[in-house]
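Chemist: Using only what follows, build the 3D model:
(chains A and B, ligands or ions: 1)
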Amino acid sequence: MLTIIVCIKQVYDPEMPLSLFQLTEDGKLIPPPGTPPVLSTFDENALEAALRIKDVQAAKITIISLGDKLAKPVLRKTLAAGADELILLEDAQFAELDSYGTAYVLAQAIERHGLPDMILCGRQAVDTDAGQVGIGLAERLQIPSVTLACQVEVNGERIVVERISGDGMETVALAKPALVTVSQEIGALRYPPVKALMAAKKMDITILSAADLGLAAMIPQRVHLQRMFVPQRNKSDCQMISDAGPEEIAQRLGEVLIRTLKA
Amino acid sequence: MGGAQQGMEVMFLAEMKDRTLADISPQMVTIAKQLSAQWGGVLSAVLFGAEVGACARTLISLGVAKVYVAEHPALEYYQPEAYLGALSQLVTDVQPQAFLLGHTALGQDLAPRLAARLAAGLVTNCVALQVIPETGRLQMIRPVFGGKARGMYLSGDGAIQLATIAQKVFEPALPDESNTGAIVNFASTIDAGSFKVQVVKRRTEDTDGMRLEEAKVIVAGGRGLGSAEAFVQLKELAGILDGCIGASRAAVDNGWLAGRLQIGLTGKVVSPQLYIAVGISGAIQHMSGCLAAKTIVAINRDPEASIFTMAQVGVVADWREIIPPLVATCRRLLHQDQE
Ligand SMILES: Cc1cc2nc3c(=O)[nH]c(=O)nc-3n(C[C@H](O)[C@H](O)[C@H](O)COP(=O)(O)OP(=O)(O)OC[C@H]3O[C@@H](n4cnc5c(N)ncnc54)[C@H](O)[C@@H]3O)c2cc1C
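Modeler: Coordinates of the predicted model:
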């Protein structure tokens, strides 16, 4: 049976307005207390890609999520949507890893679990937008990888990926095992039926700490996040064209447009 | 190769497009030059492809002291394994302080691979970089939370620091024919037969002959347009102004326009003279793709829409009442001009 691992990160809701966040003295942005995290949307797209494969062939989907204070009810949604197994890598040490450290721990966990036929990740996390962990993980595991998939199919030993390239689209093929990062074009994660949501609450999940993974005291990292800040955005002086009927407004706007182009 | 200047180079990957330097390359020169001056080192570039000689000379005129050139048929199109093999070999030999790539389609794909291969740190989509004088470390600033906030990062000990440079943030360097520099050919062994990823089909998308990134005028539509048909009117306006149409993610998600026309964080980064946003609310993930436009014009029926805090010209109205007479006005004004 085809085995797939999907790596999923929990994040603060990217749609939450900045004004709700609090900027701490040491330069951390924290959401209002009690707001539940969400699954990073591109990781949800990756899970959807896995589920579409499972729709047409026998497949076992394992979710791995890494972090500290993971929100189990939120992550269980992946089981309700159709994943078979949920593994949480949870440890205080995993709270603020850089991309390098994250790929390091994920690789360690996947090696212990056994390399699947395919690993799927979101194209980037919706909080940091760094876009490094997926590829870094593939390099660590020494398996080939393809980014920005908008369609993924598995035909026997071959994985065929439709991907976004610099100036168009590309179809690429590679042999299993491989890692694919998924873009939003693949479509949103299906909404699980209520019955599945109930059933997912009772499913067993695996929780592993740094010690369980046999990780040394220090997880290697490369870059250090000093602080976050909110950039001063100069509010533009927006010249409003108003107080007239549509025809008149269009006339004045048209004049502005043409003048701008000539400037 | 390398040796003499070991550890003191700032290197970047120059990108080409249709046998000339891609827009990002002169922008890279600007920031890489600043960093090499701060470190007191040499500025060098890497060029891959076929017939790269003219581009190498252009880079020298822009102020690059050393251009490493690898010409190979397998390097003409971006192929991750070919580029990764050739680059990791070169960077390992030269051991620069820092290696920069553009935050382009190519750079976004290649930089994480290179970082992993070199076991180096990488910070992507940097909008500001500087060398901390006391420690010689590199400080990098990048947007986080979809552009709502910025993160400030510091490079670690010893290892080479990698960074990708945000598009359209740094002014392009200007050529000066009196600049001199060296072109260094480096041989790279590329065995195309060993590539694990095979490109089966490549389709460059039909963009009506114009690329969004190069357009002088962009008329972009969002969820407020309400339908795919509505874009016909935007297309008409764009046509008259000799521009392109674009879209917000909401419009793309609704299937009204192709994904390649999406502007923003996960779409294209554009910098036209004129950006006309119609029925777009101004979410930061959208605006981070178009804030480099000279003039942003917003048409939105909600006076509270956040786009009005970022636009230079605004109209609070239903676009359906404005666009048709606007098309007529522009046509008339431009027509008058020709007479
Ligand atoms: C990780 C991440 C990445 C993202 N990347 C991108 C990206 O690359 N690009 C992008 O665009 N978005 C991106 N988004 C989504 C972004 O946050 C917004 O959801 C999106 O830009 C909203 O699109 P919109 O402005 O068209 O729609 P809305 O926010 O729904 O705004 C529609 C606007 O139309 C106006 N309107 C409605 N009817 C009319 C009318 N008849 N006349 C005039 N005005 C009207 C309304 O007043 C409203 O302001 C991303 C989000 C995330 C989380």
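Chemist: Contacts only, for residue 149.
Modeler: Picked chain A for this. Residue A:149 makes contacts with A:49, A:161-163, A:180-183, A:186, as judged by Cβ atoms under 8 Å, 6 or more residues apart in numbering or on different chains. To be clear about C-beta, it is placed using only N, CA and C from the backbone, and glycine gets the same treatment.
Chemist: let's do chain B instead
Modeler: Residues in contact with residue B:149 (Cβ under 8 Å, 6+ apart) are A:18, A:21, A:29, A:228-231, B:143.
Chemist: beta partners of it?
Modeler: Counting by DSSP bridges, residue B:149 is bridged to residue B:144.
Chemist: Mind pulling the model confidence for the residue of the stretch 51-200 of chain A found nearest the ligand?
Modeler: Closest residue of the stretch 51-200 of chain A to the ligand, Cβ to the nearest ligand atom: residue A:126 (3.8 Å). In this prediction, residue A:126 carries a pLDDT score of 91.
Chemist: and it, what helix or strand is that in?
Modeler: Here residue A:126, judged by DSSP states H and E, is contained in no helix and no strand.
Chemist: quick revisit: now for the contacts of residue A:149, which pair is the farthest apart?
Modeler: Maximum pairwise distance in the contacts of residue A:149, criterion Cβ to Cβ, is 13.2 Å, between A:162 and A:181.
Chemist: Can you give me the pLDDT of residue 183?
Modeler: I went with chain A, as the question did not name one. For residue A:183, pLDDT reads 95.
Chemist: Not quite, go with chain B.
Modeler: Per-residue confidence (pLDDT) for residue B:183: 97.
Chemist: repeat for residue B:147
Modeler: At residue B:147, the pLDDT value in this model is 86.
Chemist: which regions of the chain lie under the pLDDT threshold?
Modeler: I went with chain A, as the question did not name one. Scanning chain A for pLDDT under 70 picks out no residues.
Chemist: That was the other one, I meant chain B.
Modeler: Per-residue confidence for chain B (pLDDT under 70) gives these ranges: B:1-7, B:205-209, B:337-339.
Chemist: rerun at 50
Modeler: For chain B, applying pLDDT under 50 flags the ranges B:1-6.
Chemist: Kindly report the residues of the stretch 201-339 of chain B close to the ligand.
Modeler: B:222-224, B:248-251, B:262-267, B:279-281, B:283, B:285-286, B:289, B:299-302, B:305, B:318-320 (Cβ under 6 Å from any ligand atom).
Chemist: Narrow these to those that are buried.
Modeler: With burial judged by 16 or more other Cβ atoms under 10 Å in any protein chain shown, the buried subset of these is B:222-224, B:248-251, B:262-267, B:279-281, B:283, B:285-286, B:289, B:299-300, B:305, B:319.
Chemist: filter these by proximity to chain A?
Modeler: Counting by Cβ under 8 Å from any Cβ of the partner chain, B:249, B:265-266, B:285 from those sit close to chain A.
Chemist: What is the neighbour count of residue A:26?
Modeler: The tally of other residues near residue A:26 (other Cβ atoms under 10 Å in any protein chain shown) stands at 8.
Chemist: Just give the nearest non-adjacent residue to it, would you?
Modeler: Leaving out its chain neighbours, the residue that sits closest to residue A:26 by Cβ to Cβ, 6 or more residues apart in numbering or on different chains is residue A:227, at 6.7 Å.
Chemist: any idea what that neighbour is structurally, helix, strand or coil?
Modeler: Put simply, residue A:227 is strand when judged by DSSP: H, G, I helix; E, B strand; the rest coil.
Chemist: For it, give me its contacts.
Modeler: Neighbour list for residue A:227: A:26-28, B:151-152 [criterion: Cβ under 8 Å, 6+ apart].
Chemist: hang on, residue B:94 packs against residue B:8?
Modeler: No. Applying Cβ atoms under 8 Å as the test, residue B:94 and residue B:8 come out as separate, 10.0 Å apart.
Chemist: in the sheet, who's paired with the residue in the stretch 51-200 of chain B positioned nearest to chain A?
Modeler: Relative to chain A, the nearest point of the stretch 51-200 of chain B is residue B:121 (2.9 Å; Cβ to the nearest Cβ). Assessed by DSSP bridges, residue B:121 has beta-bridge partners residue B:161.
Chemist: For residue A:143, which non-adjacent residue is closest in space?
Modeler: Leaving out its chain neighbours, the residue that sits closest to residue A:143 by Cβ to Cβ, 6+ apart is residue A:177, at 5.0 Å.
Chemist: now residue B:20
Modeler: Per Cβ to Cβ, 6+ apart, closest to residue B:20 is residue B:55, 6.6 Å.
Chemist: Of the contacts of residue B:149, grab the buried ones for ChimeraX.
Modeler: In ChimeraX, a selection of the buried entries from the contacts of residue B:149 looks like this (16+ other Cβ under 10 Å):
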select /A:21,29,228 /B:143
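Chemist: just to revisit the earlier point, so what's the residue count around the residue nearest to residue A:143?
Modeler: Neighbours of residue A:177 (other Cβ under 10 Å): 18.
Chemist: roughly how far apart are it and residue A:1?
Modeler: Distance, residue A:177 to residue A:1, using Cβ to Cβ, to the nearest Å: 14 Å.
Chemist: now do residue B:215
Modeler: Residue B:215 sits 49 Å away from residue A:1, taking Cβ to Cβ as the criterion.
Chemist: and what of residue A:197?
Modeler: Using Cβ to Cβ, residue A:197 is found at 25 Å from residue A:1.
Chemist: Looking at those two, which one has more neighbours?
Modeler: Ranked by neighbour count (other Cβ under 10 Å), residue A:197 and residue A:1 place residue A:197 first, with 16 against 8.
Chemist: so the residue most central in space within chain B, which of the three states?
Modeler: Taking Cα atoms, centre = their mean as the criterion, residue B:167 is the residue nearest the geometric centre of chain B, at 3.4 Å. Following three-state DSSP, residue B:167 is assigned to coil.
Chemist: I figured it was touching residue B:105, is that so?
Modeler: No. Using Cβ under 8 Å, residue B:167 is not in contact with residue B:105, being 10.4 Å away.
Chemist: dump the residue contacts of residue A:42.
Modeler: A:122-126, A:182-184.
Chemist: Let me know the secondary structure of it.
Modeler: Following three-state DSSP, the label given to residue A:42 is helix.
Chemist: And it, how close does it get to the ligand?
Modeler: Per Cβ to the nearest ligand atom, to the nearest Å, residue A:42 is found 7 Å from the ligand.
Chemist: Ok, residue A:32 next?
Modeler: 18 Å.
Chemist: How about residue A:13?
Modeler: Applying Cβ to the nearest ligand atom, the value for residue A:13 to the ligand is 9 Å.
Chemist: Just give the closest residue to that residue, not the sequence neighbours.
Modeler: If the residues on either side of it in the chain are set aside, residue A:13 comes closest to residue A:38, at 4.8 Å by Cβ to Cβ, 6+ apart.
Chemist: just checking: which of the contacts of residue A:42 also lie near chain B?
Modeler: Among these, chain B is touched by A:123-124, A:126, A:183-184 when using Cβ under 8 Å from any Cβ.
Chemist: could you dump stretch A:162-175 to CSV, C-alpha only?
Modeler: Taking only C-alpha atoms (Å, rounded to 0.1, in the frame of the first residue of the first chain), the coordinates of stretch A:162-175 have been written out as CSV:
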residue,chain,number,x,y,z
GLU,A,162,1.9,19.3,-12.4
ARG,A,163,3.7,22.3,-11.0
ILE,A,164,3.9,26.1,-11.4
SER,A,165,7.1,27.2,-12.9
GLY,A,166,8.5,30.7,-13.4
ASP,A,167,6.5,31.5,-16.5
GLY,A,168,4.0,28.8,-16.9
MET,A,169,3.4,25.2,-15.9
GLU,A,170,5.5,22.1,-16.0
THR,A,171,4.7,18.4,-15.8
VAL,A,172,7.5,16.5,-14.0
ALA,A,173,8.0,12.9,-13.1
LEU,A,174,10.1,11.3,-10.5
ALA,A,175,10.5,7.9,-8.8
